[in-house]
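**Student:** Mind looking at a prediction? Sequence and model below.
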Amino acid sequence: MKRRQFITLLGSAAAAWPLAARAQQPAMPVIGLLSPASPDSFAHFMRAFRQGLKDSGYVEGENVAIDYRWAEGQYDRLPALAAELVRRPVAMIAATGGPSSALVAKAATTTIPIVFNVGEDPVRLGLVASLARPGGNLTGINFFSLELVAKRLGLMHELVPGATRIAVLVNPANPANAETTTRDAEASARDIGLQIKVLRAASSSEINAAFATLVREQLDALFVGGDAFFTSRRVQLAVLAARHAVPAIYPQRDFPEAGGLMSYGASLADTYRQLGVYAGRILKGAKPADFPVEQASKFELVINAETAKALGLDVPPTLLARADEVIE
């Protein structure tokens, strides 16, 4: 071979090497994130989720991609959104925002790994076989939202002992959650001598209508059920409660941070961070079937003292002493 031909051949081969190397590199894994909420209202939870991924060695845009699917409070959109992720297909699905997205994801695929965060027993929901050995293609976090209904009603009774007729707000678009909240609230209310009136809202206008009913029937206080849609409408709920001078208790700290009176529940930001950790471990090869369901262990009582003052409420010192945070 002549010298000039050899140099040309060598140069062509060298130019082809980077292309060949790139072709052999594995594609960036994609996480499909499914949520009944909206991106704006859950931005802080997504930061926590990405932090969990980072703790496991994954950074969005560098070595993992996230394909977001938001139902914007319209729970009936979830099956179609889940089907889109399955068709793509994605490496795994993070079903967030409660049992609705988890149940829809489970129905959509038996092969793609799924991690979830739900506020009630995932065994009772039929998501996993057991907490220690989930089986199947799902695992995740239980943050005990529904299990804390009695605790929240008790705290409301302690703060406003004269309130005997309590409105319980649930989302009919999330029927399983609404039914369980209603059942547990009725049982807990009987135990402490309270009467409840169930109000239903699945849109902003229905929230306004629920408050109109609450005021018309002169109910004493409001219990807001755990629901991703209510979290996305936390400012509206806090403003209406202040406008109508209604004491209210909520399922997580996002509400008193938005001006609501009081909340008690698991730290959802912490559960989303842990969900990101789980997602990262599964991307590295862990099997959901062998990965125990995590139980939330961090619970927070948050009181907005300014809101209490505006409502003319004196927060008992014993309640203030137990609060994890008092917003002044």
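**Tutor:** Received, thanks. Worth saying up front: this structure is predicted, and the values here are computed from it rather than measured.

**Student:** Backbone dihedrals for residue 77, please?
**Tutor:** Reported as degrees, to the nearest 10, the phi and psi values for residue 77 are phi -80, psi -20.

**Student:** my guess is it meets residue 71, correct?
**Tutor:** Yes: the pair residue 77 / residue 71 is scored as a contact, 4.4 Å apart, by CB atoms under 8 Å. The C-beta positions use only the backbone N, C-alpha and C, and glycine is treated the same way.

**Student:** Which one's more surrounded, the two?
**Tutor:** Neighbours per residue (other CB atoms under 10 Å) separate residue 77 from residue 71, with residue 71 holding more: 25 against 15.

**Student:** From residue 229, how far off is that one?
**Tutor:** 9 Å (CB to CB, to the nearest Å).

**Student:** Next: residue 236.
**Tutor:** Look at residue 236 and residue 229: by CB to CB, they are 11 Å apart.

**Student:** Please apply the same query to residue 257.
**Tutor:** Residue 257 sits 18 Å away from residue 229, taking CB to CB as the criterion.

**Student:** Which one's more surrounded, the two?
**Tutor:** Neighbour count, other CB under 10 Å: between residue 257 and residue 229, residue 229 has more, with 25 against 16.

**Student:** Who is residue 169 paired with across the strands?
**Tutor:** Beta bridges link residue 169 to residue 199, residue 224 when assigned by DSSP bridges.

**Student:** any idea how far it lies from residue 185?
**Tutor:** With distances taken as CB to CB, residue 169 is found 10 Å from residue 185.

**Student:** so what sits against both of the two?
**Tutor:** Counting by CB atoms under 8 Å, 6 or more residues apart in numbering, the contacts common to residue 169 and residue 185 are 223, 225.

**Student:** buried ones in stretch 117-129?
**Tutor:** Along stretch 117-129, these residues count as buried under the neighbour rule (16 or more other CB atoms under 10 Å): 117, 118, 119, 120, 121, 122, 125, 127, 128.

**Student:** Name the next helix or strand downstream of whichever strand or helix holds residue 318, please.
**Tutor:** Taking DSSP states H and E as the definition, one finds residue 318 inside helix 317-322. Downstream of helix 317-322, the first helix or strand assigned by DSSP H and E is strand 325-327.

**Student:** Could you list the residues in contact with that following strand?
**Tutor:** With contact meaning CB under 8 Å, 6+ apart, strand 325-327 is reached by 253, 256, 257, 300, 301, 302, 303, 304, 305, 306, 320.

**Student:** so how many other residues sit close to the last one?
**Tutor:** To tie it back to what came earlier, the one meant is residue 320. Neighbourhood size, residue 320 [other CB under 10 Å]: 13.

**Student:** Provide the partner residues of the nearest residue to it once chain neighbours are set aside in its beta bridges.
**Tutor:** Residue nearest to residue 320 in three dimensions, not counting chain neighbours: residue 326, with 6.2 Å by CB to CB, 6 or more residues apart in numbering. As for beta bridges, residue 326 partners with residue 303 under DSSP bridges.

**Student:** Any figure for the gap between residue 200 and residue 172?
**Tutor:** Noted for residue 200: a distance of 5 Å to residue 172, by CB to CB.

**Student:** Between these two, point out the one with more neighbours.
**Tutor:** More crowded of residue 200 and residue 172, by other CB under 10 Å: residue 200, with 18 against 14.

**Student:** ok, now which ones touch the more buried one?
**Tutor:** By CB under 8 Å, 6+ apart, the contact set of residue 200 is 169, 170, 171, 172, 178, 206, 210.

**Student:** Quick check: which of the residues you listed has the minimum pLDDT.
**Tutor:** Within the set of those, pLDDT is lowest for residue 178 (91).

**Student:** As a check, name the ranges of all helices in the stretch 1-150 of the chain.
**Tutor:** Using DSSP state H, counting those that start in this stretch, the helices of the stretch 1-150 of the chain run over 3-24, 43-55, 78-87, 99-108, 122-125, 149-159.

**Student:** Least reliable of those helices by average pLDDT, please.
**Tutor:** With a mean of 44, helix 3-24 has the lowest mean pLDDT of the helices of the stretch 1-150 of the chain.
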